[in-house]
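> for reference, the sequence and a predicted model appear below.
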Amino acid sequence: MTYSIRHAIHPSDSKSYDTAKLREAYLIEDLFQKDSITNVYTLYDRLIVGGAHPVEQPLKLETFPTLRSENYLDRRELGIINVGPNSKVTVDGEEIALANKEALYVGMGTKEVIFHPAASGEALFYFNSAPAHRSNPTKKVSLNEAETVELGSLESSNHRIIRKLLVNSVVETCQLQMGLTELQKGSVWNTMPAHTHDRRMEAYFYFNLPEDQAVCHFMGEPQETRHLFVKNRQAIISPPWSIHSGAGTYNYSFIWGMAGENLNYDDMDKVQPTELK
Ligand SMILES: O=C[C@H](O)[C@@H](O)CC(=O)C(=O)O
Ligand SMILES: [Zn+2]
């Protein structure tokens with residue numbers, strides 16, 4: 001298990017960052033390490049961005065010093081999305097099978113979460129965890145239970161399917177919300193028009209991108225944008241004051257996860273392309 005901390009940054013400080021500093025602050029490059037769980041503890045709503053990659057052995061979600069709690073989920077909730085082959089997770093002894101793109105919400109108070117290797121192929125679980133104030137039931141969400149919306153068009157290069165997996169119309173959470181957006185063939189732009197939501201931070205995890213391709217992720221205040229080139233299976237931390245949008249050299253998918261003030265997915269302040277700088 002590994003863990004690291006990412007501090008929260010003021011937008012007026014962020015403005016002066018060069019490429020290396022921007023990447024150090026916002027990009028997460030190595031989420032999946034063989035037979036290990038990676039935790040990136042952010043100071044944006046204390047959301048943890050994580051990856052579990054059990055190949056030879058099952059991996060238990062262990063607490064780490066930053067949490068100062070006996071168990072990882074003593075005061076936290078957890079959202080897992082399977083981005084690998086059919087795999088399973090055990091939650092307090094109960095075995096839960098997760099197919100590719102299926103999600104699992106795990107409530108506060110859970111003592112033991114174990115990620116298992118896949119029967120064929122290499123298991124890859126992406127997760128987010130946020131502080132919680134009450135215990136909600138653990139619940140698996142499959143694709144037919146998700147709230148699915150189709151947005152954009154091929155003409156504007158942003159035809160995409162948004163699967164709202166762990167949102168409040170589907171599962172009860174304290175503050176966590178997660179979903180999966182799939183760009184359709186020929187479409188490369190996500191989240192255009194861009195938006196900010198000062199009430200919530202967001203984390204993006206880009207995947208299903210060919211290894212020799214990249215996504216150019218746009219961040220920053222709408223009038224002060226910056227970009228970072230991102231490869232397959234890398235994540236970006238998006239502060240509440242920042243837009244989060246991207247254009248790929250190929251179509252791709254990404255998981256978005258949010259924590260903060262409210263559970264209203266539509267609470268966003270849109271910024272039209274012509275208003276961005
Ligand atoms: O606040 C919501 C998040 O930014 C994402 O859900 C946006 C997204 O998936 C998209 O437009 O493609
Ligand atoms: Zn957003």
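Perfect, thanks for sending it. Ligands and ions are numbered 1, 2, ... in the order given.
> spell out which residues of the stretch 101-250 of the chain are next to ligand 1.
Within the stretch 101-250 of the chain, the residues that sit near ligand 1 (C-beta under 6 Å from any ligand atom) are 160, 162, 179, 181, 190-191, 202, 244. C-betas here are computed from N, CA, C, even on glycine.
> and the furthest pair within those?
Taking C-beta to C-beta, the two most distant members of these are 160 and 202; they sit 16.2 Å apart.
> higher neighbour count, these two?
Neighbours around residue 160 and residue 202, counted as other C-beta atoms under 10 Å, are more numerous at residue 202. The numbers are 26 against 21.
> who's in contact with the residue nearest to that one when sequence neighbours are not counted?
Leaving aside its sequence neighbours, residue 202 sits nearest to residue 238 (C-beta to C-beta, 6 or more residues apart in numbering; 4.3 Å). Residue 238 makes contacts with 26, 201-204, 219, 244, as judged by C-beta atoms under 8 Å, 6 or more residues apart in numbering.
> and what of residue 98?
Residue 98 makes contacts with 80, 82, 86-89, 104, 125, 140, as judged by C-beta under 8 Å, 6+ apart.
> partner residues bridging it?
Beta-bridge partners for residue 98, by DSSP bridges, are residue 87.
> how close does it sit to ligand 1?
21 Å (C-beta to the nearest ligand atom, to the nearest Å).
> kindly report the same for residue 97.
Noted for residue 97: a distance of 26 Å to ligand 1, by C-beta to the nearest ligand atom.
> need the next SSE after the helix or strand hosting residue 203, C-terminal direction.
Here residue 203 sits within strand 200-207, counting by DSSP states H and E. Per DSSP H and E, the first helix or strand lying C-terminal to strand 200-207 is strand 215-221.
> now do the strand holding residue 203, average pLDDT.
Average pLDDT, strand 200-207: 98.
> ok, stretch 8-20 next?
pLDDT averaged over stretch 8-20 gives 98.
> quote the end-to-end distance of that stretch.
Stretch 8-20 stretches 17 Å from its first residue to its last (C-alpha to C-alpha, to the nearest Å).
> list the buried residues in it.
9, 14, 17 (16 or more other C-beta atoms under 10 Å).
> what about the strands in the stretch 101-250 of the chain?
Ranges of strands within the stretch 101-250 of the chain are 103-106, 113-115, 125-131, 139-141, 147-151, 160-166, 177-183, 189-190, 194-196, 200-207, 215-221, 224-230, 234-238, 245-248, based on DSSP state E, counting those that start in this stretch.
> strand partners of the second one, parallel vs antiparallel please.
Same thing as strand 113-115. strand 59-60 (antiparallel), strand 87-91 (antiparallel).
> right, so the ones you listed: which one is the most enclosed?
strand 87-91 (a mean of 21; mean count of other C-beta atoms under 10 Å).
> mean confidence score for it?
98.
> distance from the chain centre to it, please.
19 Å (C-alpha atoms, centre = their mean, to the nearest Å).
> check stretch 263-277 too.
The mean C-alpha position of stretch 263-277 is separated from the chain mean by 19 Å, C-alpha atoms, centre = their mean.
> ok, residue 251 - contacts?
By C-beta under 8 Å, 6+ apart, the neighbours of residue 251 are 183-188.
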